[in-house]
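Model the following, please.
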Amino acid sequence: MDALVRTLEGVAGEALLDCFNEAFSDYAVNVAMDLPGLRKHLVRNGYDPSISTGAWIDGRLAGFVLNGCRKWGDGLAAYDLGTGALPSARGQGVMSALASKAKDLMRSKGLSRWVLEVLCDNHKAVRLYEKQGFKVCRDLSCLRASRDMVEAVPSWPVDRLSEPDWDGLEALWDFQPSWQNSTDSIKALADCFIMGSVVVDGGLAGYIVFNPSSGDIPQLAVGKDHRGRGVASSLLSYAASHCQGPVLKVNNVEAGQGLEQWLESRGLAVYARQYEMVLDLRDCKGAL
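Predicted coordinates:
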């Protein structure tokens, strides 16, 4: 491999976009973006170019590891928000060099974990990550449905939330949201989301967070004492009535939880399954 590997500090968004879209042009799920979409993706996930790496071949960006950085669990962690290489650069050791450099950067900055998601049926990638020391922590499901399939359910009035009490909202969770659905990720793009809540007898019964432009629903939760009463259906209907696109998506729901089963009962279908994998950088032996 004859490539220059360094951080992505100072690299323009246009260069990242061109490489990103070409690298993922043959991916199983369509993830192509325009420049505003890429910028939102980076902001939402806490992009940090100082722990992200790129490989240049003949002067052109040919591969990348895009990482975000935030507090995660009991320490700082990195999140892989995109790793890829141009088809012409594959099989030359580019990805190994990029990952090794990224790991060294993360460890030098005191990060404790490296988190990523990978499609379950991408067996080659899963085996590669396992060989590098990543371990599967959770199974995640991605669901979607036509917005028209979500029927109006006026069981409970839904009030728009403008100043959320996040401690109160998070108390309703059955599972920790994935990185891109975390509270920090929502706060990073607060202007892109609408939040709605249902109050019963003066107390919070449930809430929803959604992007009206994309139909993305990163969080939906109902308190245990209020389930089976139409609260979640009212919240989902509220989102459907305010979304502009044709599809509603709930990505990275923890598999086997009641939320996944309830969403399927409402007509949303699983279109992809992912593993959440984590590498403990504090107990990392060998090179990536």
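
Flag every buried residue along the helix or strand harbouring residue 204.
According to DSSP states H and E, residue 204 maps onto strand 203-210. For strand 203-210, the neighbour count (16 or more other Cβ atoms under 10 Å) marks 204, 205, 206, 207, 208, 209, 210 as buried. C-beta coordinates here come from the backbone N, C-alpha and C atoms, glycine included.

Show me what that strand is packed against.
The contact analysis (3 or more Cβ pairs under 8 Å, 6 or more residues apart in numbering; DSSP states H and E) places strand 203-210 against helix 166-170, strand 194-200, strand 219-222, helix 231-242.

Mean pLDDT and distance to residue 99 for these - can I get that in TSV?
Shown next, in TSV, are those (pLDDT from 0 to 100; distance: least, Cβ to Cβ, whole Å):
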stretch	mean pLDDT	distance to residue 99
helix 166-170	96	32
strand 194-200	97	37
strand 219-222	98	31
helix 231-242	95	37
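
Nearest the geometric middle of this structure, what residue?
Nearest to the mean C-alpha position of the chain, counting by Cα atoms, centre = their mean, stands residue 180 at 3.1 Å.

Give me the domain ranges for the protein.
For the chain, the structural domains run 4-111, 142-274, going by automatic domain parsing.

and of those domains, who's closest to residue 131?
Nearest to residue 131, of all these, is domain 4-111, at 10.6 Å by Cβ to Cβ.

Quote the end-to-end distance of the closest one.
Across domain 4-111, the terminal residues are separated by 24 Å (Cα to Cα, to the nearest Å).

Residue 43 against residue 191, yeah?
No. Applying Cβ atoms under 8 Å, one finds residue 43 not in contact with residue 191, separated by 10.7 Å.

chain center to the one helix or strand in the chain whose mean pLDDT sits lowest, what's the gap?
When each helix and strand of the chain is scored by mean pLDDT, DSSP states H and E, helix 123-132 comes last, with a mean of 88. The chain centre lies 19 Å from the centre of helix 123-132; the measure is Cα atoms, centre = their mean, to the nearest Å.

Heading C-terminal from it, find the next helix or strand.
Next along the chain after helix 123-132, with elements defined by DSSP H and E, is strand 135-146.

Neighbouring strands of that following strand in the sheet, and parallel or not?
strand 247-254 (antiparallel), strand 269-280 (antiparallel) (DSSP bridges).

As JSON lines, these with distance to residue 137 would be great.
Output for the strands paired with strand 135-146, formatted as JSON lines (distance: least, Cβ to Cβ, whole Å):
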{"stretch": "strand 247-254", "distance to residue 137": "10"}
{"stretch": "strand 269-280", "distance to residue 137": "5"}
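
Thank you kindly, that will do.
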